[in-house]
Each structure stands twice: as structure tokens, then as C-alpha cells.
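1. predicted model, plus sequence, below.
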Amino acid sequence: EKQHLQQQIAAGEIDLVVGTHALIQEAVDFDKLGIAVIDEQHRFGVMQRASLIRKGRHPHVLVLTATPIPRTLALTIYGDLDVSVIDELPPGRQQIQTYWRTDNSLNRVYPFIREQLAAGQQAYVVYPLVEASEKLDLKAATETYHYLQKQVFPDFRLALLHGRLKMAEKETIMADFKRGSIHMLIATTVIEVGVDVPTATVMMIEHAERFGLSQLHQLRGRVGRGRAQSYCILITPPEINDVAKARMMVMTKTNDGFVIAEEDLRLRGSGEFFGTRQHGMPDLKYADLVTDQKIVQTARKDAFAIIAKDPHLRLPQHDAVRTHFKEAFAGKFDMMNIA
């Protein structure tokens, strides 16, 4: 069936193709790819986006994301992307209230969650899974699930959701949660996207210091989808490093994805602009992409003016620019237009 679809796509018999990462595979060829729409952009690596875009001859590209990742923000400042911003909540929704608590204050957090469940709302408890210690992390999530079910919320129905479950099991659990027969979901970040449960009003994130700002913002977005007030509770050990503290402070102060992206840029760096590295400051000697935005915009206008008059930089007065450009970006020309 997949092979038949691939043949139809290559022959131009299908006008619109909707798919997952499978569309990036070498076996998939397009007859005339005119536009590529990439949703949840932060979940695709630079090379993956490049693979999709290369399947056409200069196709139009539309990328969608709830949180602009630092690299995207940097490219936007540089003017390579035209940006449309939807900065309003849907009608009837309220701003999510976010709190940072240490793990020795759970005895005050759990009663609050109980109040929400008793009022007919639902809750998520999320655990990070880090590849290096995935078994230990999963064990911690599993132990927490059993503890919460037996000791803290015995009168409510809880479920455990993680990446090692079979797809059918995941779908059953999520369907039960959406239907309201499961009151609390203890989960790994498999619930980061694609979950819409309006009656879920509490998101508690364990070991929040192990998540980046983009992930934290995405997870928080799983609640606040109904008309009731929603809450995000970040749980960390009492002692965490300064960067992690800064992330927690950002999350408690704003729900604005663009403010969060700017802070992410400041804390992590914008990535190697035309390469594949996602964080770390770009190779700029003096400019600061957070504080020097006006200068960057002025430089962009000047650069466009030069290219308009001399697109190949062949005029004598542009020799130095052309030489530097070729040396600085050797081997990276094919990645310059990857959103």
C-alpha cells in the first residue's frame, strides 16, 4: 500500500499529501512539489527539513510552531523568514497560571490537585526521559504512578503512559483520558503534542530543570484548552543550577511564546546559522542578537541593497565581502534557505 502511494505521488496523481516523517524518506519522490508545510517545526531537525525541501525545485515553505526555537528566531531577525504571529488566546480561554515549587513541598501541591479532580477536572503529571538513564527514569515514573494511585489519590483513576507501550495501548489510554474515565495521567513527554483535553486543568512537571524552555512551554500548552482556569506546576529539587533557575523564572513570568523564545536565545544561543547545530551562539564577533536587533535590521537593509545592485558580488568594491562569504560559508550554501 505504501509503495503504491509512493508511485502515485511520484507520478503526480495525488495533489495533496499529508504525512509524518515518512515523507522525508529517500523512497518518496514528488512530481512537482510546490509547497511544503511543516507543522510542529521544533520536532524536525535541520537536516530533516532540508530533505523535505530538496524534494522540489525551490518550493514555497510554511513552517508552524507554537514556540519559535532559537535558531528560527535568529533567522527571523536576519530577515530570511516572513513571520505571521497569532498572539491572542481563543475566545473564552484564560491565561495559564504557572508556579515553581521544590519537591519537598509536594505535600501542599497534592491537596491542590485533589481539589481540581474533585471539581471534575483532570491532571497530567509529566516525567522527563533522558536517553542515558531511560530505564531509571521510567522506573521513577512507574513508582510515582503506583505511589499516587495507592497512597495519594486512591479514590481516583490514574493511568501511566510512556513511549514503550504499544500504539494500541497508548490510544486506549488517551481515549479514556479524553472521555474522562481517567482522572490523572502520569506520562513521559509522549503527551507533548497532539493532545486536546479541555477538562485537563493541571500540568505538574517533575524534574522541570531537565527540560528546555521550548519543551516546558509545549507541555504547559496541554492544559488551558477549556474555559476553566488552568495551572502549570514546575517541580524541581531545592538546589538547581543558575540556568535552570532562569528557565523556571521565565516560565512563571510569561505565557508569551515569543518572549520565551527570546529568553531561550539568550540562555542557549541561536545555533550555527547555516549549519546543523541547534544551540550555541553563532559565529558573530561583536553582535548580540538579543540586544542589537535594530542594528541587525539596518545591516539587513544594507545587505539587500548591495545584492539588488550586485547579486553575484562581482564589483571590485565587493571583492572583500565575496571572499569572506565564500570562506565563512564553504560547504553550507545548500542549508541557507532551510527554515
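-> That came in fine, so what should we check first?
2. can you give me the helices for the stretch 101-250 of the chain?
-> 106-118, 134-147, 167-179, 213-220, 242-253 (DSSP state H, counting those that start in this stretch).
3. buried sites along the third one?
-> Spelled out, it's helix 167-179. The neighbour-count criterion (16 or more other Cβ atoms under 10 Å) identifies 170, 173, 174, 177, 178 as the buried residues of helix 167-179. From N, CA and C alone the C-beta is placed, and that goes for glycine too.
4. same check on the second one?
-> Applying a neighbour-count criterion of 16+ other Cβ under 10 Å, the buried positions in helix 134-147 are 137, 138, 140, 141, 144, 145.
5. could you list the residues in contact with that helix?
-> Counting by Cβ atoms under 8 Å, 6 or more residues apart in numbering, the neighbours of helix 134-147 from elsewhere in the structure are 125, 127-130, 158, 160, 162, 164, 186-188, 206.
6. that helix: how far from the chain's middle?
-> Using Cα atoms, centre = their mean, to the nearest Å, we find the averaged C-alpha position of helix 134-147 to lie 24 Å away from the chain's own average C-alpha position.
7. how about low-confidence regions in this protein?
-> In the prediction, the chain carries residues with pLDDT under 70 at positions 41-46, 67-81, 130-134, 190, 192-194, 269-283, 289-290, 332-339.
8. longest single helix anywhere in it?
-> What stands out as the longest helix in the chain, according to DSSP state H, is helix 293-309.
9. hang on, the earlier thing: now the buried residues of helix 167-179 in CSV, with distance to residue 58?
-> Rendered in CSV, the data for these read as follows (distance: Cβ to Cβ, whole Å):
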residue, distance to residue 58
170, 39
173, 43
174, 39
177, 43
178, 41
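10. greatest separation within these: which pair is it?
-> 170 and 178 (12.3 Å; Cβ to Cβ).
11. picking that back up, list the buried residues in the longest helix of the chain.
-> Residues of helix 293-309 classed as buried: residue 296 (neighbour count, 16+ other Cβ under 10 Å).
12. TSV for the helices of the stretch 101-250 of the chain, including distance to residue 34?
-> As requested, the helices of the stretch 101-250 of the chain are arranged in TSV below (distance: least, Cβ to Cβ, whole Å):
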stretch	distance to residue 34
helix 106-118	47
helix 134-147	41
helix 167-179	33
helix 213-220	30
helix 242-253	39
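13. out of the ones you listed, the one nearest residue 312 is which?
-> Ranking the helices of the stretch 101-250 of the chain by distance to residue 312, with Cβ to Cβ as the measure, places helix 213-220 first at 37.9 Å.
14. helices or strands up against that closest one?
-> Packed against helix 213-220, as judged by 3 or more Cβ pairs under 8 Å, 6 or more residues apart in numbering; DSSP states H and E, are the following elements: strand 200-205, strand 231-236, helix 242-253, helix 257-268.
15. please identify the most buried of the ones you listed.
-> Neighbour counts (mean count of other Cβ atoms under 10 Å) averaged over each of the helices and strands packed on helix 213-220 peak at strand 200-205, with a mean of 24.
16. so what are the sheet partners of that strand and their directions?
-> Note on strand 200-205: by DSSP bridges, its sheet partners are strand 122-126 (parallel), strand 231-236 (parallel).
17. can you give me the angle that strand makes with helix 167-179?
-> Computed with axes from the mean of the first three to the mean of the last three Cα atoms, to 10 degrees, the direction of strand 200-205 lies at 130 degrees from that of helix 167-179.
18. could you export strand 200-205 as PDB, CA atoms only?
-> Output in PDB follows, covering the C-alpha atoms of strand 200-205 (Å, rounded to 0.1, in the frame of the first residue of the first chain):
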ATOM      1  CA  ALA A 200      -7.500  19.000  31.900                       C
ATOM      2  CA  THR A 201      -6.600  21.900  34.100                       C
ATOM      3  CA  VAL A 202      -3.400  20.900  35.900                       C
ATOM      4  CA  MET A 203       0.000  20.100  34.400                       C
ATOM      5  CA  MET A 204       2.600  19.100  37.000                       C
ATOM      6  CA  ILE A 205       6.100  18.700  35.600                       C
END
